[in-house]
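Participant: Here is a sequence together with a model predicted from it:
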Amino acid sequence: METVGKALRNWKIHALALALSVVAELIGGKTFDVGPAKLVLVPMFYSFILGAVISLPKMKLLSMDDMMQVSSLVGVTFFLLMARYGTLVGPSFWKVVHSAPALLLQEFGNLGTALLGVPFAVLLGLRREAVGAAFSNARESSVALVGEKYGIDSPEGLGVMGVYITGTVFGALFCSFMSSIIASTISWFSPQALAMACGTGSASMMTTSLAPLVAMFPDLKEELTALAASSNMLSGLDGIYMSVFIGLPMTEFLVRLCGVKDAPSKPGAQK
């Protein structure tokens, strides 16, 4: 709380945030043809890039203390963002209810991280690390689950922390690219289905993956936002149960199937 208090009183980071937002909005959304696909760059993308640039030590605009203070405000700003999304769910309430079976069943799609991730992880040389790295999209609840079950200093803990850090740095940008490319190249996915897929339990990833869809289908903005926000909320609620009862056991099986016979780690065993 002390760090948050300092951040709220730090005029420099607020001025820089305002300046970056203004510059990003002035640039506006841009669409580029990339082969058969369309790549949609939205203002949030520019803010990520500009923020990374001004945080470089050579720029001498932000100290390490400033960046620690900024990071403490991320959660606060996402509370405001999700509250805003919540106001859009109400007007589209019956559309969300009508899509409830699809919203619930699409949670099984999150298991695709294990099906795709485990073979690649093992191929790249990971062993027990593949369990933590591939059973989910490795957000906060996943880190807590792995820490409780295996220990955060275990190989499984190293795997989930590696993906967590990578996702924090590159995840939002990756989701933005994937969303725009899939929406422009695969016609048999409806905009509503793509919006539901944006909700993986991460507010930042959901926001950046939703933005290109809203830019491509502006007439469906409220409906797509409501579906994405509802999906994200459900992923946060039932995602931990999906991981405990299906995701982790399935990942353990796949890791053994790929030839890794090491025994699972136990909390406190790594010293």
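Facilitator: That came through fine. It should be emphasised that the depicted structure is a prediction, and the values quoted were computed from it without experimental measurement.
Participant: what does stretch 232-245 contact?
Facilitator: Judged by CB atoms under 8 Å, 6 or more residues apart in numbering, the contacts made with stretch 232-245 from elsewhere in the structure are 103-104, 107-108, 110-111, 135-136, 141-142, 145, 198-203, 206. (Glycine included, C-beta is placed from N, CA and C.)
Participant: now stretch 107-122
Facilitator: 129-130, 133-137, 159, 197, 200, 234-235, 238-239, 242, 246-247, 250-251, 254-255, 258-260.
Participant: quick revisit: ok, of the contacts of stretch 232-245, which come out buried?
Facilitator: Among the contacts of stretch 232-245, the ones that count as buried by 16 or more other CB atoms under 10 Å are 103, 107, 110-111, 135-136, 142, 145, 198-203, 206.
Participant: Show me these that map onto strands.
Facilitator: Secondary structure assignment by DSSP state E places none of the buried ones among the contacts of stretch 232-245 in strands.
Participant: can you give me the helices for the stretch 151-271 of the chain?
Facilitator: Counting by DSSP state H, counting those that start in this stretch, the stretch 151-271 of the chain has these helices, from start to end: 155-166, 172-185, 191-198, 203-216, 221-242, 248-257.
Participant: right, so those helices: which one is the most enclosed?
Facilitator: Of all the helices of the stretch 151-271 of the chain, helix 203-216 has the most neighbours on average by mean count of other CB atoms under 10 Å, namely a mean of 24.
Participant: can I get the CA coordinates of it in CSV?
Facilitator: Extracted in CSV, the C-alpha atoms of helix 203-216 (Å, rounded to 0.1, in the frame of the first residue of the first chain):
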residue,chain,number,x,y,z
ALA,A,203,-7.7,-8.6,-18.2
SER,A,204,-4.8,-7.2,-20.2
MET,A,205,-4.8,-10.1,-22.8
MET,A,206,-8.6,-9.9,-23.1
THR,A,207,-8.4,-6.1,-23.7
THR,A,208,-5.7,-6.2,-26.4
SER,A,209,-7.2,-9.2,-28.2
LEU,A,210,-10.7,-7.6,-28.2
ALA,A,211,-9.6,-4.3,-29.6
PRO,A,212,-8.9,-5.5,-33.1
LEU,A,213,-12.3,-7.3,-33.2
VAL,A,214,-14.1,-4.1,-32.2
ALA,A,215,-12.1,-2.2,-34.9
MET,A,216,-13.2,-4.8,-37.5
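Participant: Quick one: list the elements packing against it.
Facilitator: The elements that helix 203-216 packs onto, with contact taken as 3 or more CB pairs under 8 Å, 6 or more residues apart in numbering; DSSP states H and E, are strand 37-41, helix 43-54, helix 74-89, helix 172-185, helix 191-198, helix 221-242.
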